[in-house]
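K.L.:
Everything below, folded, please.
(one chain, ligands or ions: 3)
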Amino acid sequence: MSYLLDDEGRTAAIRLLPLRKGGLRDWQKLASDAHGQWAATSGFEARQGQVLALPDSDGRLQSIVFGMQENGWLYQLASIYKSLPPGNYVLDSDWNDEQVGQASLGWGLAAYAFDRYRKANEKPRQLYLEKQIAKTVPPLCQAQCLVRDLVNTPTEHMGPAELAAAVKAEADRFGARFRVVSGDELLTENFPAIHAVGRASVSEPRLVELAWGDEAAPLLALVGKGVCFDTGGLDLKTTSGMGLMKKDMGGAAHALALARLVMEHKLPIRLLLLIPAVENSVAGNAYRPGDVITTRKGLHIEIGNTDAEGRVVLSDALAFACEHEPDLVIDFATLTGAARVALGADLPPLFSNDADVSREMLKAGEQKEDPMWGMPLYQPYVELIKSPIADLNNSAKSPYGGCITAALFLEHFVTEDTPWVHIDTFAWNQSNRAGRPEGGEALGLRAVFAYLQERYS
Ligand code: BES
Ligand code: ZN
Ligand code: ZN
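P.N.:
Numbers count the residues shown, from 1 in each chain. Ligands and ions are numbered 1, 2, ... in the order given. Sure, this is the predicted structure:
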């Protein structure tokens, strides 16, 4: 771990001194002559992310002065992390608790490396945390890194079976109930849509369920799209379209990490986590374009495109969630390419049938530097997902507004008065940025958790 939680050795730690824009002069006045001179000689101007290492009288590293970022707090330390030598650090700032918490979280996010297949032989840099922050920040960091690990793991090692095992690991850790309905059981237990999408894979489709908490408390249902690989099915994706599709279980990873946070913080709720875990594969028994599938809810779906599989598996999971009369349903899904076209890779669209929930969740996202953007469940577009022979088509007649038509499709499987939020997440960083390594990423996770803490406090 990149954090130090007890005080041992704290006084010997290397101090991290942030300088605001224009703060260089004031610092130089207080610094020793040698340090001031060294800063000038080195051309240190306290530009954003610029660092200056300062020795003590024995030539040991005493402190690091650095120029602050102008926007936000999350990446203040993340932006210098990679330029720091290995060692133990302590932040020496005039920032408030919220700001220190954010920056400390960014530190941990910057320290992340996916090392399952290639050990990082870097020596660690570790940050001392104050007591209060030590309780909140490491769990958030670990939850976000759980999402990254699950998404980064290739399908060979993160298929439906392994995804189910990852859920079981959390259930075991927190004493939650765990159940899997798999293969042909999906038919007898009435999850026909999940079965249809996943039946062509050698790793059988399954619905993974985790239940936790006080029977008398309000129920929160979390649902995550767990398509462990999306070939597109018989409507096969192109090479470039398929390249990243190990990440199509990113929604499940978000839902699982959120479930962990809920259980770890013992929120006073009852939790139901539902993950349809499948592979959208090609084989002789694959579901086909033109097929009509019966769903758990009884609605019939015409398959316009086997690549729009996420909404099909989610239809059964959402319907099942609503049977439990939840207080709130939240689903995460890497559902559409159209969401990326609309808002780019970093900003997940959030849809909700409840304006208050939506507003508060977006607000939490702003506060936690984990932004999402509200998008409409624009009812006239339901026209685009109608079918001449079934209740719905899984592929809209027009690609325009593709993340909206996908969300409208899901809405058909949510009971009318149940507050519901749908987050169409990318779950991926396309390039390396400070605190945001290329690869799997949690988007909206901290926002939603902050919202839940508020709602159920
Ligand atoms: N998993 C994809 C969506 C996706 C693609 C997310 C790329 C992130 C990056 C999903 O199953 C899919 O293929 N959706 C289709 C729907 C279309 C066939 C109606 C899409 O978005 O093109
Ligand atoms: Zn697809
Ligand atoms: Zn998909």
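K.L.:
now the closest residue to ligand 3 within the stretch 351-457 of the chain: how far from P192?
P.N.:
Closest residue of the stretch 351-457 of the chain to ligand 3, Cβ to the ion: A406 (10.3 Å). C-beta here means a position set from N, CA and C on the backbone, and glycine is covered the same way. Plainly put, A406 is 20 Å away from P192 if you go by Cβ to Cβ, to the nearest Å.
K.L.:
The two: which is more packed in?
P.N.:
A406 (27 against 18; other Cβ atoms under 10 Å).
K.L.:
what's the spacing between the more buried one and R20?
P.N.:
44 Å.
K.L.:
quick one: E279 is in a strand?
P.N.:
Yes: the assignment for E279 by DSSP: H, G, I helix; E, B strand; the rest coil puts it in a strand.
K.L.:
State the distance from A196 to G310.
P.N.:
Note on A196: its distance to G310, by Cβ to Cβ, is 13 Å.
K.L.:
What of P218?
P.N.:
Counting by Cβ to Cβ, the separation of P218 from G310 is 27 Å.
K.L.:
quick one: which of those two has more around it?
P.N.:
Between P218 and G310, G310 has the larger neighbour count (other Cβ under 10 Å), namely 28 against 15.
K.L.:
For the more buried one, list the residues it contacts.
P.N.:
K225, V227, D230, D248, G251, A333, T334, L335, A406 (Cβ atoms under 8 Å, 6 or more residues apart in numbering).
K.L.:
want to throw the residues you listed into TSV with distance to ligand 1?
P.N.:
Below are those laid out as TSV (distance: Cβ to the nearest ligand atom, whole Å):
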residue	distance to ligand 1
K225	8
V227	6
D230	5
D248	5
G251	9
A333	8
T334	4
L335	6
A406	7
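K.L.:
Narrow those residues to those in strands?
P.N.:
Of these, the ones assigned to strands by DSSP state E are V227, D230, A333.
K.L.:
contacting residues around whichever residue of the stretch 201-350 of the chain sits closest to ligand 3?
P.N.:
The nearest approach of the stretch 201-350 of the chain to ligand 3 comes at D230, 3.7 Å away (Cβ to the ion). Residues in contact with D230 (Cβ under 8 Å, 6+ apart) are K237, M242, M245, D248, N280, D307, E309, G310.
K.L.:
and the gap between A34 and Q28?
P.N.:
In terms of Cβ to Cβ, A34 sits 12 Å off from Q28.
K.L.:
how about V51, phi and psi?
P.N.:
Backbone torsions for V51, taken as degrees, to the nearest 10, come to phi -120, psi 150.
K.L.:
Can you get me a residue count around it?
P.N.:
Neighbours of V51 (other Cβ under 10 Å): 16.
K.L.:
Nearest spatial neighbour of it, chain-adjacent residues omitted?
P.N.:
Nearest non-adjacent residue to V51, counting by Cβ to Cβ, 6 or more residues apart in numbering: F66, 4.5 Å away.
K.L.:
pLDDT wise, what is that neighbour at?
P.N.:
F66 is assigned a predicted lDDT (pLDDT) of 98.
K.L.:
what's the answer for the one 10 residues further on, then?
P.N.:
Reported pLDDT at Q76 in the predicted model: 98.
K.L.:
close enough to count as contact, it and E70?
P.N.:
No: Q76 is not in contact with E70 according to Cβ atoms under 8 Å; the separation is 10.3 Å.
K.L.:
ok, those two, which is more surrounded?
P.N.:
Taking other Cβ under 10 Å, Q76 and E70 do not tie; Q76 has more neighbours (28 against 8).
K.L.:
Show me what residue of this structure gets nearest to ligand 2.
P.N.:
The nearest approach of the chain to ligand 2 comes at D307, 3.8 Å away (Cβ to the ion).
K.L.:
Mind giving me the packing neighbours of the helix or strand of the chain with the lowest mean pLDDT?
P.N.:
One helix or strand of the chain scores below all others by mean pLDDT, DSSP states H and E: helix 24-30, with a mean of 93. Judged by 3 or more Cβ pairs under 8 Å, 6 or more residues apart in numbering; DSSP states H and E, helix 24-30 is in contact with helix 33-41.
K.L.:
So which bits of the helix it packs on are buried?
P.N.:
The neighbour-count check on helix 33-41 (16 or more other Cβ atoms under 10 Å) flags H35, W38, A39 as buried.
K.L.:
which one is the first one nearest to, not counting chain neighbours?
P.N.:
Just to be clear, that refers to H35. Using Cβ to Cβ, 6+ apart and skipping residues adjacent in sequence, the residue nearest H35 is L54, 5.2 Å away.
K.L.:
ok, which stretches of the stretch 351-457 of the chain are helices?
P.N.:
Counting by DSSP state H, counting those that start in this stretch, the stretch 351-457 of the chain has helices at residues 355-367, 402-411, 445-455.
K.L.:
Name the stretch among those helices that sits most buried.
P.N.:
helix 402-411 (a mean of 24; mean count of other Cβ atoms under 10 Å).
K.L.:
I'd say L54 and G36 touch.
P.N.:
No: applying Cβ under 8 Å, one finds L54 not in contact with G36, separated by 10.1 Å.
K.L.:
Listing request: residues of the stretch 1-150 of the chain with sub-threshold pLDDT.
P.N.:
Of all residues in the stretch 1-150 of the chain, none has pLDDT under 70.
K.L.:
ok and the residue in it nearest ligand 3?
P.N.:
Going by Cβ to the ion, ligand 3 is nearest to L150 of the stretch 1-150 of the chain, at 15.6 Å.
K.L.:
Can you give me the neighbour number for that residue?
P.N.:
Neighbour count of L150, defined by other Cβ under 10 Å: 25.
K.L.:
Y89: helix or strand, and which one exactly?
P.N.:
Here Y89, judged by DSSP states H and E, is contained in strand 87-91.
K.L.:
taking the contacts of D230 one by one, which sit in strands?
P.N.:
Among the contacts of D230, the members found in strands (DSSP E) are N280.
K.L.:
Any of the contacts of D230 buried? List them.
P.N.:
Among the contacts of D230, the ones that count as buried (16+ other Cβ under 10 Å) are M242, M245, D248, N280, D307, E309, G310.
K.L.:
Return the residues of the stretch 201-350 of the chain in contact with ligand 3.
P.N.:
Counting by Cβ under 5 Å from the ion, the stretch 201-350 of the chain comes close to ligand 3 at V227, D230, D248, G310.
K.L.:
what sits against the first one?
P.N.:
Shown here is V227, whose contacts under the criterion Cβ under 8 Å, 6+ apart are V197, M245, D248, M249, V278, E279, N280, E309, G310, V313, T334.
K.L.:
residues touching the residue nearest to it when sequence neighbours are not counted, list them.
P.N.:
Excluding its sequence neighbours, the residue lying closest to V227 (Cβ to Cβ, 6+ apart) is D248, at 4.0 Å. Under the criterion of Cβ under 8 Å, 6+ apart, the neighbours of D248 are K225, V227, C228, F229, D230, N280, G310, T334.
K.L.:
can you check W107 too?
P.N.:
By Cβ under 8 Å, 6+ apart, the residues touching W107 are S2, Y3, L77, A78, Y81, L127.
K.L.:
for this protein, longest helix please?
P.N.:
Across the chain, the longest stretch assigned as helix under DSSP state H is helix 131-152.
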